[in-house]
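In: Return atomic coordinates for the entry below.
(one chain, ligands or ions: 2)
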Amino acid sequence: MTAAEPAELVFVPLGGAGEIGMNLNLYGYGPPDRHRWLMVDLGVTFGAGSAPGVDVVLPDPTFIAERRDALDGILLTHAHEDHLGAVPYLWLRLGVPVYGTALTLAVLARKLAEVGLDGDVPLIEVPQGGRVTIGPFDLELIGMTHSIPESNAVVIRTPAGTVVHTGDWKLDPEPVVGVTSDEEALRRVGDQGVLALVCDSTNVFEPGTSGSEGDLLPALSEIIGRCPERVAVTCFATNIARLETVARAAAANGRDVVLAGRSFRRITEAARETGYLGDVPAFIDEAECGYLPRDRVVIACTGSQGEPRAALARIAAGDHPNVDLEPGDTVVFSSRMIPGNEVAIGRLQDTLIRRGIDIVTWRDAKVHVSGHPARDELAAMYRLVRPSVCVPVHGELSHMAEQARFARACQVPNAVVAENGAVLRLAPGEAGISGHVPAGRLSLEGARTVPMDGDLVRGRIRALYNGHAVVTVVLAADGSLAAEPQVSSVGVIEAGEEAVETEVREAIRKAIDGFPQRSYNDDDAVREAVRIAVRRAYRGCIGKRPKTEVHLIRI
Ligand SMILES: [Zn+2]
Ligand SMILES: [Zn+2]
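Out: Ligands and ions are numbered 1, 2, ... in the order given. Down below sits the predicted model:
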């Protein structure tokens, strides 16, 4: 008989460790083969050109879905898409209660209703500063400042040690909306002893501090004041503090605020319902925009990251149903580029400039502060929490590696970089990677999710790069062609190149004529011979081999 194995504490990121987006963090506690699990956050990321037709990307939850009996709950740190956006699409595979603060759950409830899951998901509210037990995990939420109210650090206490999972945060003495980060609470937890700090890496390359939301009002007021015509301000819909800053800057210039973009409606409803935006006058619906004098409105719009279907992209292209901009109008980008979105944002700004619309970005004026900690704030966090090990998350690999270096330079004894799928054993013993589990990415395709490396997305990429041809071959009982082969294609030939298809038909005829008598009943062999002949014919004519499909009909 062997002695009972001691309980261990592990951290397993399945998303968000190696990219900025789609956060999915798992904590496991128990004997190695009998862990109980806690999930912290379940978010999405946006396709931004990663593959054609892919708009929303989710972390693949298969590892934990296969162990759902051992999963005790999902805790959401805050209401950003990269932290809760995947819940509506993946919850059915997990089936456990979801915990969060009032605003976070109000935002989630609206998203669940949109996919027909209203009332199905047990939602358990935990206040900021509150405590809750989920399975073997004793949890405490600590309120943090971020670019949406009610962001939380989570203190995760287990018999094997305490983890502080920061979520998204910054230090800001004047956050405009929401709490200032509770440094007292962090210091108290630090006094009790912290094993690991799992920490936001987004702005680790930024020196100094992230800056205060409270500093933006003068710059935004001044910009709006000197614009003679329409002004649009684009920011994240969820940035309720920014919306309040924009509303104050507009009011200072005698302008009303019009909201353009569906996600604004969802978030402002949820915010008012949970006690935010109380001092801000009602926003005007985009449908009313056309009735207001051009110099009396500020249009707050979504799409600061160049998202093709968001309000700003449609306004820039001149095909928004309610809002238009003209030469001499101004668009303020009250946002920063999220890594990966540079090309899409550049294209959007070019479209605006080409139309004679002035743009103002964070490079020109103080119109944005980040919601994530710069280096001085990270150092302050290490001093408050005093962890034995720093585990960087919420970053590309370069951000995480830099935070590991920086933490060590700030006298944190150990730092470990764990990418998606790594099993990081935090205790007992020294923290280190002890194994790997499957991790991957899913694409949201309408109402369902499919693997990014599966047939659907791969086939679409091949069809996009090389075009797609479909040929139909009708065979008589003796194996000869009973009709002229049909060829159609998408993205293969230019108008006027129909002679190419004549060649392809000729190649099909030759392939059938030359096909060995003894195998002409073998459908797969016939199809493959035709497919090869077609691809070879295209290659000979145009130098490309389109993705080819063969339909075989026998009469
Ligand atoms: Zn966030
Ligand atoms: Zn985030």
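In: Please count neighbours and contacts with C-alpha atoms only from this point.
Out: Fine.
In: Quick check: pLDDT value at residue 2.
Out: Note on residue 2: pLDDT of 49.
In: Might you list the low-confidence residue ranges for this structure?
Out: Confidence mapping of the chain against pLDDT under 70 gives the ranges 1-4, 48-50.
In: how about the residue lying closest to residue 178 once chain neighbours are set aside, what does it touch?
Out: Leaving aside its chain neighbours, residue 178 sits nearest to residue 149 (4.7 Å; criterion: C-alpha to C-alpha, 6 or more residues apart in numbering). By C-alpha atoms under 8 Å, 6 or more residues apart in numbering, the contact set of residue 149 is 78, 103, 177-179, 240-241.
In: Separate out the buried members of those residues.
Out: If you count burial by 16 or more other C-alpha atoms under 10 Å, the buried members of those come out as 78, 103, 177-179, 240-241.
In: Show me which positions of stretch 328-343 end up buried.
Out: Within stretch 328-343, the residues that count as buried by 16+ other C-alpha under 10 Å are 329-337, 340-341.
In: Show me the contact partners of that stretch.
Out: So stretch 328-343 is contacted by 20, 48, 227-236, 304-306, 345, 356-362, 367-370 (C-alpha under 8 Å, 6+ apart).
In: ok, back up a step: please confirm that the residue nearest to residue 178 is located within a helix.
Out: No - assigned with DSSP: H, G, I helix; E, B strand; the rest coil, residue 149 falls outside any helix and is coil.
In: Mind jotting down where the helices sit in the stretch 1-150 of the chain?
Out: Along the stretch 1-150 of the chain, counting by DSSP state H, counting those that start in this stretch, helices occupy 62-65, 81-84, 87-90, 102-114.
In: Next up, identify which helix or strand the nearest residue to residue 317 once chain neighbours are set aside is on.
Out: Spatial nearest neighbour of residue 317, chain neighbours left out: residue 351 (7.3 Å); criterion: C-alpha to C-alpha, 6+ apart. If you go by DSSP states H and E, residue 351 is part of helix 342-354.
In: Skip ahead from that helix and say which helix or strand is next.
Out: Downstream of helix 342-354, the first helix or strand assigned by DSSP H and E is strand 358-360.
In: if we can go back for a sec, show me the two of the buried residues of stretch 328-343 that sit farthest apart.
Out: Greatest spacing in these, by C-alpha to C-alpha: 329 and 340 (28.0 Å).
In: For the stretch 451-555 of the chain, just list every one of the helices.
Out: 455-466, 498-513, 523-542.
In: about what we covered before: looking at the helices of the stretch 1-150 of the chain, which one is packed in the most?
Out: When you average the neighbours per residue for each of those (mean count of other C-alpha atoms under 10 Å), helix 81-84 leads with a mean of 25.
In: What is that one packed up against?
Out: With contacts defined as 3 or more C-alpha pairs under 8 Å, 6 or more residues apart in numbering; DSSP states H and E, helix 81-84 has these neighbours: strand 36-42.
In: switch the cut-off to 10 Å
Out: With contacts defined as 3 or more C-alpha pairs under 10 Å, 6 or more residues apart in numbering; DSSP states H and E, the packing partners of helix 81-84 are strand 24-30, strand 36-42, strand 45-46, strand 71-75, helix 102-114.
In: Quick one: distance of that helix to the chain centre.
Out: With C-alpha atoms, centre = their mean, to the nearest Å as the basis, helix 81-84 stands 7 Å off its chain's centre.
In: Equivalent analysis for stretch 541-555, please.
Out: Centroid separation between stretch 541-555 and its chain, computed with C-alpha atoms, centre = their mean, is 37 Å.
In: sorry, back to before: pipe the helices of the stretch 1-150 of the chain into CSV and attach distance to residue 273 per row.
Out: Shown next, in CSV, are these (distance: least, C-alpha to C-alpha, whole Å):
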stretch, distance to residue 273
helix 62-65, 33
helix 81-84, 19
helix 87-90, 21
helix 102-114, 8
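In: among these, which is nearest residue 453?
Out: Nearest of those (C-alpha to C-alpha): helix 62-65, 14.5 Å.
In: same for that closest one, what does it pack against?
Out: Packing partners of helix 62-65 (3+ C-alpha pairs under 10 Å, 6+ apart): strand 8-15, strand 36-42.
In: Residue 403 is nearest to which of those?
Out: strand 8-15 (16.6 Å).
In: can I assume residue 405 sits in a helix?
Out: Yes - counting by three-state DSSP, residue 405 is located in a helix.
In: Could you report the distance from it to residue 391?
Out: According to C-alpha to C-alpha, to the nearest Å, residue 405 stands 11 Å off from residue 391.
In: Show me whatever sits in contact with both of the two.
Out: Common contacts of residue 405 and residue 391 (C-alpha atoms under 10 Å, 6 or more residues apart in numbering): 414-416.
In: ranking those by neighbours, who comes first?
Out: When neighbours are counted by other C-alpha atoms under 10 Å, residue 415 leads those with 25 neighbours.
In: Name all residues that make contact with residue 487.
Out: The contact partners of residue 487, by C-alpha under 10 Å, 6+ apart, come to 469-473, 501-502, 504-505, 508, 534, 550.
In: switch the cut-off to 7 Å
Out: 470-472, 501 (C-alpha atoms under 7 Å, 6 or more residues apart in numbering).
In: partner residues bridging it?
Out: residue 471 (DSSP bridges).
In: And for residue 443?
Out: Beta-bridge pairing for residue 443 (DSSP bridges): residue 57, residue 450.
In: Just to check, it is in contact with residue 453?
Out: No - contact status for residue 443 versus residue 453: not in contact, 9.3 Å apart, counting by C-alpha atoms under 7 Å.
In: of the two, who's got more company?
Out: residue 443 (27 against 13).
In: and residue 132, how many residues sit next to it?
Out: By other C-alpha under 10 Å, the residues close to residue 132 number 15.
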